[in-house]
Each structure stands twice: as structure tokens, then as C-alpha cells.
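Undergrad: Generate coordinates for the sequence data below:
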Amino acid sequence: MLVIKDTLVSLDLIERFFVCDLDSCLGQCCIDGDAGAPLLEEERDAINSHIDEIMPLLTPAGQRTIKEEGTSYIDPDGDLVTQIVEGRDCVFTTYAEGGKCLCALEKAYREGKLPQLKPSSCHLYPVRLRKYGSMTAVNLHRWKICKCAEVLGKSKGVRAYEFLKDPLVRRFGQEWYDELSLAASEWLKQHG
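TA: This next block holds a predicted model:
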């Protein structure tokens, strides 16, 4: 682990390679799992404040779910998470050709239609955060459906922390990321 400000950063984030390979995995992380994506209260509030703009971007089932149950719920672990459709898809999941899952919030952001509303837990994935008192652990979650992303990352020579620069900066700030980048460079010189 590396200590960067008030975080404990897993060495996996530095040592492992990662580049999402949506053409191979088809966005399986948006539909697999036992609950919706972890959500901060302020993220839920921001999504809810733009719900009229978001609704037309969603599937009919997603629209119906939001109308009946809202955009989020508290899961059995007591965490605020995005609503899911029929026990499977995140409510913000849309589909492209070939069955590829896309996040309606991310798509609208990239098209300049909405501010960045994608939950930070999704934006950061495969990073997962966990609080330990005043410290936050920054861990790399490994899941078999992301094996193709590890292979693609290795072929391109892109480390996980490099691929995740934008969401890490969004969550922790540029100064934090610059410190991580410097520490990663030094670590890889010595151990890489």
C-alpha cells in the first residue's frame, strides 16, 4: 500500500494493467451483481434534479421503474444504490447494437447534454473505496468479466491508475493524482 494524503492506495492500482474493453465484455458490470451501483447522497440529488432530462434517454422499463420506485434505494447492507430493473440492470443502462450496455448518464455527458452525473463508484470502476476511520482505502477490484480489460491494458501498456486518471481526479483532485503518479513512477522504477 502507498499512503497518498488521507488514502491507502493498493499497489494493484499501480502494478496492474487495465483498459475497459467494451467490445469484449459488452458492459457486463452494468447488469451483473446483486444490487445497484453505490451512490452518494449528493449524486442521487444531482441525478434527481435532472430527472426530466434523463428520462427520455432510458429504456421503457427503466422509466417505469423510476416512476414506481425512484432512482435509488437502500440495499440489504444499508448502502444507497442505484435502482435496478427487474432484479438485473442498473436503471440507467441502455443498449447499443450487439447488446452492448451503455450508461445513459455517461452517454449524455459525452454528448454535452448533461453535467457529469455518472455515480463516482461507476466512474471509478474497477476501483472500490472503503473508509477506515479518517483514511480511505483505494483498492482495485478484480472480477472475471474484466479479464479482457486487463489483457487490453497490458497490450497497450496502460496501468490501471493511468486509465482511471479522470475519475480519480474527479474524486480526489489533481494534486492527489499528481502525487499518486509520482509515487507510481518511483515504485515501478524500483519494482516494475
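
Undergrad: Could you use CA atoms for every contact and neighbour count after this?
TA: OK.

Undergrad: which SS state does the closest residue to residue 21 other than its chain neighbours fall under?
TA: In space, and not counting its chain neighbours, residue 21 is closest to residue 149: 5.1 Å by C-alpha to C-alpha, 6 or more residues apart in numbering. State at residue 149, reduced to three classes by DSSP: H, G, I helix; E, B strand; the rest coil: helix.

Undergrad: Could you give the number of residues near residue 149?
TA: By other C-alpha atoms under 10 Å, 20 other residues sit near residue 149.

Undergrad: just use 22 as the starting number from now, easier for me
TA: With the count now opening at 22, the last piece we talked about shows up as residue 170.

Undergrad: Pull out the buried residues from the worst-scoring helix or strand of the chain on mean pLDDT.
TA: When the helices and strands of the chain are compared on mean pLDDT, DSSP states H and E, helix 43-46 comes out lowest with a mean of 82. For helix 43-46, the neighbour count (16 or more other C-alpha atoms under 10 Å) marks residue 46 as buried.

Undergrad: what about residue 186, distance to residue 96?
TA: Using C-alpha to C-alpha, to the nearest Å, one gets 29 Å for the distance from residue 186 to residue 96.

Undergrad: list the buried ones in the helix or strand just after the least confident helix or strand of the chain?
TA: Using DSSP states H and E, the helix or strand that directly follows helix 43-46 along the chain is helix 62-70. Neighbour-count burial for helix 62-70 flags 64, 65, 67, 68, 69 (criterion: 16+ other C-alpha under 10 Å).

Undergrad: Can you check the pLDDT for the third one?
TA: Model confidence at residue 67, given as pLDDT, is 96.
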